[in-house]
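With the input below, show me the fold.
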Amino acid sequence: MIEIKRWDNGKVIFEANVSTVKEAVELAVKQKVSLAYANLIGADLAGANLIGADLAGAELRWAYLVGAHLQGADLFKANIRRVDLRGAKLEGADLTNADIRWADF
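This next block holds a predicted model:
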């Protein structure tokens, strides 16, 4: 069982009977669950399908997003410092006020 919790208060946003955080995040996105303020620090989301995901305010520091599909994703005020985004597809993603310092593109 994987639980995705909010970084600010620890409340469970989503839980799924899967074996990886990547699978849980993709399932949440597929089910249109908001992952706003999700604690995804250091998550391996390489190649994940996150098209249209609501990740506003999410903690994604040190996450591995190489080749992830983030088209149309809401990353408003997300913390994506030191994130590896090489090859990620970001067309139409809202990066307004996102903290992207030291991110690799």
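
Tell me the predicted confidence for the residue nearest in space to the middle of the chain.
For the chain, the residue sitting closest to the mean C-alpha position, by CA atoms, centre = their mean, is Leu55 at 5.6 Å. Here the pLDDT value assigned to Leu55 is 97.

doesn't Ala43 make contact with it?
No - Leu55 lies out of contact with Ala43 (CB atoms under 8 Å); the separation is 11.0 Å. Using the backbone N, CA and C atoms, a C-beta is placed for each residue, glycine as well.

quick one, what contacts the residue nearest to the centre of the chain?
Contact criterion CB atoms under 8 Å, 6 or more residues apart in numbering gives Leu35, Ala36, Ala38, Leu40, Ala73, Asp74, Leu75, Ala78 as the residues in contact with Leu55.

if I look at the first one, how far off is Arg86?
Leu35 sits 22 Å away from Arg86 when distances are taken as CB to CB, to the nearest Å.

How much space separates Tyr48 from Ser19?
Rather than Tyr, residue 48 is Ala. 14 Å.

go on, Arg61?
Using CB to CB, Arg61 is found at 23 Å from Ser19.

what ranges do the strands span in the chain?
Using DSSP state E, the strands of the chain run over residues 2-5, 12-16.

Next, count neighbours for Val66.
Under the neighbour criterion other CB atoms under 10 Å, Val66 is assigned a count of 17.

Quick check: phi and psi on it?
Per-residue torsions, Val66: phi -60, psi 130 (degrees, to the nearest 10).

residues touching the residue lying closest to it once chain neighbours are set aside, list them.
Here the nearest residue to Val66 in space, its sequence neighbours aside, is Ala46; by CB to CB, 6 or more residues apart in numbering that works out to 4.7 Å. Going by CB under 8 Å, 6+ apart, Ala46 touches Lys22, Tyr64, Leu65, Val66, Gly67, Ala68.

Nearest to Gln31 among the residues you listed?
Using CB to CB, Lys22 comes nearest to Gln31 of those, at 15.0 Å.

how close does the residue lying closest to Ala16 once chain neighbours are set aside sit to Leu85?
Beyond its immediate neighbours in the sequence, the residue positioned closest to Ala16 (CB to CB, 6+ apart) is Ala24, lying 4.6 Å away. As for Ala24, its distance to Leu85 is 20 Å (criterion: CB to CB).
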